[in-house]
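In: sequence first, predicted coordinates after that:
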Amino acid sequence: DAGITQSPRHKVTETGTPVTLRCHQTENHRYMYWYRQDPGHGLRLIHYSYGVKDTDKGEVSDGYSVSRSKTEDFLLTLESATSSQTSVYFCAIRGQNTGELFFGEGSRLTVL
Amino acid sequence: KNEVEQSPQNLTAQEGEFITINCSYSVGISALHWLQQHPGGGIVSLFMLSSGKKKHGRLIATINIQEKHSSLHITASHPRDSAVYICAVYRGNEKLTFGTGTRLTIIP
């Protein structure tokens, strides 16, 4: 296992509230990613990070922000959650030498 | 048109059958990943390949760069192989593009 964990695993919240999802890795990998998975869509990239304080937008970044103050932690924040952000969120890391992907267990978010 | 297309979308087979899942893509890539997602959600990387063929146990993955096509084969399929299989292409710009997956069900 690559040592990647997400928290919380499940969350129900109300429209307009802030939500933060945490991704923690123990592998010291440089690249970390946040994806969302929705029925009928493949995994879609929200934001990614290529180092501490270095982040960039993915294809569905509107309404999301990220932060990476330490190599091991990559936080995804929904400043004001909307029902369209109800989804399963996956964090992933990429092995620096092999390019292999490792995924967290997923965080199921429901916005009422 | 999606950049990554998988077929079939759903596949049901009897235990022991030989399984083939296909992935076609329309962009230039530097690598292709095959992933497995079991009910309950966890995603596991099966293969990453940029040319030729790789084998791991009963799973074989092939890629034809010229034809922009990859296949995932499962020999002697087993009910525990039931899962969603996802193809993803890496274009070298940190942007992986994922297919929508093939749902495989193996009946005992």
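Out: Great, that's in hand. Numbers count the residues shown, from 1 in each chain, chains lettered A, B, ... in the order given.
In: could you spell out the sheet neighbours of the helix or strand bottoming out on mean pLDDT in chain B, each with its direction?
Out: When each helix and strand of chain B is scored by mean pLDDT, DSSP states H and E, strand B:96-98 comes last, with a mean of 89. Next to strand B:96-98 in the sheet, as set by DSSP bridges, lie strand B:83-90 (antiparallel).
In: what's near enough to touch whichever residue of chain B sits closest to chain A?
Out: At 3.2 Å from chain A, B:Phe98 is the closest residue in chain B, using CB to the nearest CB. All C-beta atoms are positioned from the backbone trio N, CA, C, and that covers glycine. Shown in contact with B:Phe98 (CB atoms under 8 Å, 6 or more residues apart in numbering or on different chains): A:42-44, B:4, B:86-88.
In: quick one: the strands in chain A?
Out: A:4-7, A:10-13, A:19-25, A:31-37, A:44-51, A:54-57, A:64-70, A:73-78, A:87-94, A:101-103, A:107-111 (DSSP state E).
In: can I get the CA coordinates of the second one in CSV?
Out: The C-alpha coordinates for strand A:10-13 follow below in CSV (Å, rounded to 0.1, in the frame of the first residue of the first chain):
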residue,chain,number,x,y,z
HIS,A,10,-18.3,10.4,4.7
LYS,A,11,-19.8,13.8,5.2
VAL,A,12,-23.3,15.2,4.9
THR,A,13,-23.5,19.0,5.0
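In: quick check: buried residues in that strand?
Out: A:11, A:13 (16 or more other CB atoms under 10 Å in any protein chain shown).
In: what do you get for the first one?
Out: Burial within strand A:4-7, assessed by neighbour count using 16+ other CB under 10 Å, is assigned to A:4, A:6.
In: adjacent strands (with direction) for that strand?
Out: Strand A:4-7 is paired, per DSSP bridges, with strand A:19-25 (antiparallel).
In: also the fifth one?
Out: Each strand paired with strand A:44-51, and its direction, by DSSP bridges: strand A:31-37 (antiparallel), strand A:54-57 (antiparallel).
In: show me the contact partners of the last one.
Out: Looking back up the chat, that one is strand A:54-57. A:47-50, A:66-68, B:94.
In: which among those residues count as buried?
Out: For these, buried by 16+ other CB under 10 Å: A:47-49, A:66, A:68.
In: ok, so of those, who is nearest chain B?
Out: Using CB to the nearest CB, the buried ones among the contacts of strand A:54-57 come closest to chain B at A:Tyr48, 5.6 Å.
In: so who does the closest one touch?
Out: A:31-34, A:55-56, A:58, B:94.
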